[in-house]
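>>> Fold the following, please.
(one chain, ligands or ions: 2)
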Amino acid sequence: MPFILAQSCFLCGDMSSLAICAPCLADLPYHHNACLACGNLEEEGVCYHCQQELPPYTHTQALFSYVYPINKMIHAAKFYHNLVILNLLGQLMAQHLRYDEQPEVLIPVPLHPQRLRQRGYNQSTELAKCISKHTGIPFDYKVCHRIKNTVSQRSLSAPQRHSNLQGAFILKPLKEKWQHVVLIDDVMTTGATVKEMAIVFKEAGVRRVDVWCCAHR
Ligand SMILES: [Zn+2]
Ligand SMILES: [Zn+2]
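Ligands and ions are numbered 1, 2, ... in the order given. As a prediction, this is how the structure comes out:
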């Protein structure tokens, strides 16, 4: 008989073979009906804003809506170094995110080195690592750097977010001629961060940039 290590579910406390038990897993807030381009909630197709002006990334795929209990899980992964939860989220992203065309590489949204030192690890890199393990798509966390330690985006208006992030990312010269890359983020809010990153990759000659995020606000 296989020996399965029982643990208590992170959300309800019931005994479970996974970090989250099956009923809690089935109840997670999956993000349905989203705009193909930006990931904002939208009945079908592309939202009004993207019809006016398409973002520099082609597709956004968000697995969850950023509501309870996903916000609690991401918070635990991000600030309390709960790698069991983080790996579970990465595994779920790999299982559920479908893509018509497989990218050549996954690029996690980088943290500024100062923030990386404070936190000890980058949650987006951990997600990319995990998705890579389950899909076989390589990941690269060294090519894109965050050179501006930006203030938190949350209190800023959309134009402020944009100027806050301008010039925030630089790329090392690309060793491979990538045509299609996917940016990996934990939480996407307005898309200002991935927009800035997508512009940098496109300037470097990448034809298509998509975004896969764990949760969308
Ligand atoms: Zn549970
Ligand atoms: Zn849109």
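>>> show me what contacts Gly90?
By Cβ atoms under 8 Å, 6 or more residues apart in numbering, the contact set of Gly90 is 126-131, 133-134. C-beta: built from backbone N, CA, C; applies to glycine.
>>> Confirm it sits in a helix?
Yes. Gly90: assigned to a helix according to DSSP: H, G, I helix; E, B strand; the rest coil.
>>> what residues are up against Cys38?
47, 49-50, 55, 60, 191.
>>> Quick check: PyMOL command selecting the buried ones in those residues.
PyMOL command restricting the contacts of Cys38 to the buried ones, with burial defined by 16 or more other Cβ atoms under 10 Å:
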select buried, resi 47+50+55+60+191
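>>> Greatest separation within the contacts of Cys38: which pair is it?
Spatial extent of these (Cβ to Cβ) is set by the pair His49 and Thr60 at 12.4 Å.
>>> Pull out the buried positions in the lowest-mean-pLDDT helix or strand in the chain.
Within the chain, no helix or strand scores below helix 158-165, which has a mean of 75 by mean pLDDT, DSSP states H and E. Using 16+ other Cβ under 10 Å as the test for burial, helix 158-165 gives 161, 164-165.
>>> SS state for the spatially most central residue of the chain?
The centre of the chain sits closest to Asp185, judged by Cα atoms, centre = their mean, with a distance of 2.1 Å. Three-state assignment for Asp185 (three-state DSSP): strand.
>>> For it, which non-adjacent residue is spatially closest?
Closest residue to Asp185 apart from its sequence neighbours, by Cβ to Cβ, 6 or more residues apart in numbering: Cys213 at 4.3 Å.
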